[in-house]
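Visitor: Dropping a prediction and its sequence here:
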Amino acid sequence: MNKKTIILFVIAVVVVLGLIVFSDKSDVSTQLNEKNIQTNIIQTTNGEEFIIELDSNPSTGYSWVSDFDEEYVAFVEKLNKTTLVHPIEGSEIVGAPGQEVFKFKTLKTGETKINFYYLREWEIDVAPIDQKVFSVIIN
């Protein structure tokens with residue numbers, strides 16, 4: 001790689017990281033990710049939305065699948081965030097890690113759990129390679 005290509009790559013990485021860090025998430029009342037959840041307990045109020053971010057590498061075919069009680073929470077949307085982008089093409093680098101972002105909305109007060117399974121959905125009779133459980137307390 002020549003010096004110009006390296007500089008462009010570093011600039012692209014800095015820009016992408018800046019967009020991730022400074023992106024406006026003010027419409028979501030509770031934001032969670034693996035790095036700042038030590039207990040996997042989510043406390044929120046009824047009618048509020050919250051986000052759970054899980055590290056992922058979608059280019060491997062694995063993705064997180066959620067399982068939850070629809071009486072307490074509703075699934076709003078799922079987004080994928082790529083960590084690394086090719087500096088010239090502007091596309092996701094194959095094999096680059098990222099996050100899967102799940103947005104939920106609370107429906108009634110009480111306590112429930114949200115289970116996540118990291119698997120390849122097309123593989124039958126194969127156990128997930130990871131699992132996360134979040135307790136949700138809705139006031």
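Guide: Right, received. Where do you want to start?

Visitor: give the contact list for Phe102.
Guide: 51-54, 64, 66, 75, 78, 116 (CB atoms under 8 Å, 6 or more residues apart in numbering). The way it works is simple: take the backbone N, C-alpha and C, and place the C-beta from them, glycine included.

Visitor: got a winner among those for most neighbours?
Guide: Neighbours here mean other CB atoms under 10 Å. Within the contacts of Phe102, the largest count is held by Ile52, at 25 neighbours.

Visitor: what packs against the host helix or strand of that one?
Guide: Taking DSSP states H and E as the criterion, Ile52 maps to strand 49-56. If you count contacts as 3 or more CB pairs under 8 Å, 6 or more residues apart in numbering; DSSP states H and E, strand 49-56 packs onto strand 30-33, strand 41-44, strand 63-68, strand 73-82, strand 98-106, strand 110-119.

Visitor: Rounded mean pLDDT for that strand, please.
Guide: For strand 49-56, mean pLDDT is 92.
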